[in-house]
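Colleague: sequence first, predicted model second:
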Amino acid sequence: MNFDLTFFQVASIVISILAFGAAFWLYKWVAKQPSSNARIAEVGKLIRNGANTFLAKEYKTLARFCAVAAVIIFVFLPSPLWQGKITDNIVMAMAYLFGTVFSAIAGKVGISIATIANIKSAEASTKGIRPSFMSGYRGGAVMGMAVVGSSLLGVTLVLLITDNTTALLGFSFGASSLALFAKAGGGIFTKTADVSADLVGKVELGIPEDDPRNPAVIADNVGDNVGDVAGMGADLFDSNVASMSAALVMAVSIDKAADISRNASMVFCYAAIGLFASIIGVLAARMKENGNPTRALNSNTYVTTAIFGVLTAIATYVFDFEWRIWLASAIGLVVGVVIGIASDYFTDDNKKPVHMVAKACESGPAFTILSGVSYGLMSILPSMIGIGVSALAAYKICEPLGEGYAMFGIAMAAVGMLSIVGMIISNDAYGPIVDNARGLVEMGNLGDKALEITDSLDSAGNTVKAVTKGFSIGAAGLTVIALLGAFISEVNDAAVELGKATITGFDIINPTVFFGLLVGAAIPPVFSAMLMLGVDRNAQRMVAEIHRQFKEIIGLKEGKEGVVPEYDKCIEIATNGALKELVPAGLMTIIATLLVGFIGGVQAVGGFITGNIVSGLIFALFMSNAGGLWDNTKKYIEAGHHGGKNSEAHKSGVVGDTVGDPFKDTAGPSINTQITVISLVASLTATLFLSFSLFG
């Protein structure tokens, strides 16, 4: 059965609208859950106002950056105004702005539902673990459906309207650049507050995690929303758009050569089926009374994976798609699950690594750090092997199909790995929602049983967050390998137009390539350091402010009735610091890409992207898993092991957690966006590097 490309594009739009319908139904379900506790409503309002204030200021800052970037794109891309057609430059600038707007909306949608679902989940915890879980999970699912629906709709509309894959890369760059800065800014905000609240509250004063006496406690809960929800929403929106864009660039190139549209149709078909499978999985998600939340979240993911595998196999048969490409996407999805399982092993508080680090905590914080770093480094290997095996297998399976299909196979493996991204985002957004709920339970004095339930949900959220980050990092790895192929395609198209030699790959013995390789490998650690130093500087200012308030506000430390800390001061410090620090690190990566290109040409940029991919994946996996491991080690000790709360082991665990916080929630998750951004910048500026470079 044969259908043209337009059929699959229309089907993608219909599935996107279905996802928006599911998001709306879930939103209404969460909103109508009971909430009557005045104290929780008051604190929830503070969190919501703080999150919205930060987001408004952040988006205002980023709007200025995006406006400048759009002007530069208009002047120089896809080719300088004085050399090309002005309409192409207008389309590129508009596509870029379209991507930034969609990415920003993804973050805003997340904030809107998360600041409602946290209150509902907190109050539901007094009735049992199941209703609390369902409120948190369905709140996260609103974001999952809305974000993936938006990404599929955006990609479809851009290609449908422009019929131009370079414009699609512009759309992807818009999404990626905004995601990079949003994730960095949100990550700096959230970890500034989290580190400060933990160090002063738990280590110095021995007060509970979300004690209302702590001046940083509201800023900490605001941070969960602006970093883990808004930033993550923009990040995964970008990952999904980038994977589809890379696949479509190659699919359209292959299709044009053969005068067909089958491969581009396949990309839209698989992406639409992935979203449809996620809709089914999310709406069917349940947890038994007194069930295990981690098991419930993971089983939802596995069920959705199975639905996707079956439906795409049926579609491949019905529409006469190429079975080798189906196999490549299936391998990507299976490897995504394997990477998730590996991350789960190193971060789950039921597994050996957490238990061993918890035991090391008895000997002091130095051993906490040493053991955590060691297990974090060990966790890199399974995932890197998984990414390498899936790329190699997809390449070799699709290679016999003809020229261009090998790299297209890798791109489809990335599409396969991110096919169930609706479920991944739902699981990921669940984490900060129940983390907030736990804080509200403590501040609202809802009792030990409710606190125990939300602690259990929060621990599950941390474990699953490590699993979903494994998925995201793995998919980013495959996507940027595919984007490297897209870069070669863009270079060769430009080379033909300029009458220059085309390229087939990059020889690392070539000193120009090796120069780019070394510089590219150095960017992720420098990028990470800049973000973590931002957290460090900001947290020091906030710790000083917390000390000031405990010293100057009489009765605050003792918890005297009617004495309330100045929460807004800490929110202000976190906001101002994050806005100051969010642009330099991201801008550095873009400028470095351009400098390498103008110095060494396209060969140097090929090496630069390759080095950045390998180094970036290693750092992202290490920091994500080490941070998750330390967080759950702290929670494992707080559950009563190795002396429990306020023991020496607990203090060591808190120190480990504060080191891990910027690892897993600031630098780690921003790296995969950074890799995507530099790959897209390189592809978009390929013509400039061919025309103007010192040694190219």
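Modeller: Good, I have the coordinates.
Colleague: quick one: low-confidence ranges for the chain?
Modeller: By pLDDT under 70, the weakly predicted segments of the chain are 1-3, 465-467, 469-470, 696.
Colleague: and G388, how many residues sit next to it?
Modeller: By the criterion of other C-beta atoms under 10 Å, G388 has 14 neighbours. C-beta: built from backbone N, CA, C; applies to glycine.
Colleague: how far away is it from L46?
Modeller: 47 Å (C-beta to C-beta, to the nearest Å).
Colleague: one more: A475?
Modeller: Using C-beta to C-beta, A475 is found at 36 Å from L46.
Colleague: likewise V513?
Modeller: Separation of V513 from L46 (C-beta to C-beta): 54 Å.
Colleague: kindly report the same for G107.
Modeller: Note on G107: its distance to L46, by C-beta to C-beta, is 20 Å.
Colleague: next one: C66
Modeller: As for C66, its distance to L46 is 30 Å (criterion: C-beta to C-beta).
Colleague: which of those two has more neighbours?
Modeller: Legend: neighbour count by other C-beta under 10 Å for C66 and L46, higher for C66 (23 against 18).
Colleague: you'd agree that one is up against G174?
Modeller: Yes - using C-beta atoms under 8 Å, C66 is in contact with G174, at 7.5 Å.
Colleague: who touches both of those two?
Modeller: Y96, L97, T100 (C-beta atoms under 8 Å, 6 or more residues apart in numbering).
Colleague: closest to T687 among these?
Modeller: Closest to T687 out of these is Y96 (16.2 Å), distances taken as C-beta to C-beta.
Colleague: isn't that closest one right up against S176?
Modeller: No - Y96 lies out of contact with S176 (C-beta under 8 Å); the separation is 10.2 Å.
Colleague: with neighbour numbers in mind, choose between those two.
Modeller: More crowded of Y96 and S176, by other C-beta under 10 Å: S176, with 32 against 28.
Colleague: quick check: the more buried one vs S151, distance?
Modeller: For S176 relative to S151 (C-beta to C-beta), the value is 12 Å.
Colleague: shared neighbours, those two?
Modeller: Looking at what touches both S176 and S151 (by C-beta under 8 Å, 6+ apart), the common residues are V241.
Colleague: which is the succeeding secondary structure element to the longest helix anywhere in the chain?
Modeller: Scanning the chain for the longest helix, with DSSP state H as the assignment, gives helix 567-638. Sequence order places helix 648-662 as the next helix or strand after helix 567-638, per DSSP states H and E.
Colleague: ok, and what's touching that next one?
Modeller: Residues contacting helix 648-662 (C-beta under 8 Å, 6+ apart): 187, 191, 194-195, 198-199, 202-203, 357-358, 360-365, 367-369, 372, 531-532, 535-536, 626-631, 633-634, 636-638, 642-644.
Colleague: buried ones among those?
Modeller: Listed as buried from the contacts of helix 648-662 are 187, 191, 194-195, 198-199, 202, 357-358, 360-362, 365, 367-369, 372, 531-532, 535, 626-631, 633-634, 636-638, 642-643; burial here means 16 or more other C-beta atoms under 10 Å.
Colleague: number of residues surrounding G84?
Modeller: Per other C-beta under 10 Å, the neighbour tally for G84 reads 16.
Colleague: what sits against the residue nearest to it when sequence neighbours are not counted?
Modeller: Spatial nearest neighbour of G84, excluding adjacent residues (C-beta to C-beta, 6 or more residues apart in numbering): P78 at 6.7 Å. P78 makes contact with G84, D88, N89, M92, T166, L684, T687, according to C-beta under 8 Å, 6+ apart.
Colleague: go on, G404?
Modeller: M250, S253, I254, A257.
Colleague: need the buried ones from those selected in ChimeraX.
Modeller: Buried subset of the contacts of G404, written as a ChimeraX selection, criterion 16+ other C-beta under 10 Å:
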select :250,253,254
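Colleague: which of the contacts of G404 sits closest to L180?
Modeller: Nearest to L180, judged by C-beta to C-beta, of these is M250 at 23.7 Å.
Colleague: for the protein, list the residue farthest from the centre, please.
Modeller: Distance from the C-alpha centroid of the chain peaks at I554, with 42.4 Å (C-alpha atoms, centre = their mean).
Colleague: pretty sure that one is touching V563, no?
Modeller: Yes - contact criterion C-beta under 8 Å: I554 and V563 qualify, at 7.3 Å.
Colleague: doesn't G227 make contact with K191?
Modeller: Yes - with contact defined as C-beta under 8 Å, K191 reaches G227; the gap is 7.2 Å.
Colleague: ok, now how distant is G577 from G185?
Modeller: 10 Å.
Colleague: who has more neighbours out of these two?
Modeller: With neighbours defined as other C-beta under 10 Å, G577 and G185 compare such that G185 has more, 34 against 22.
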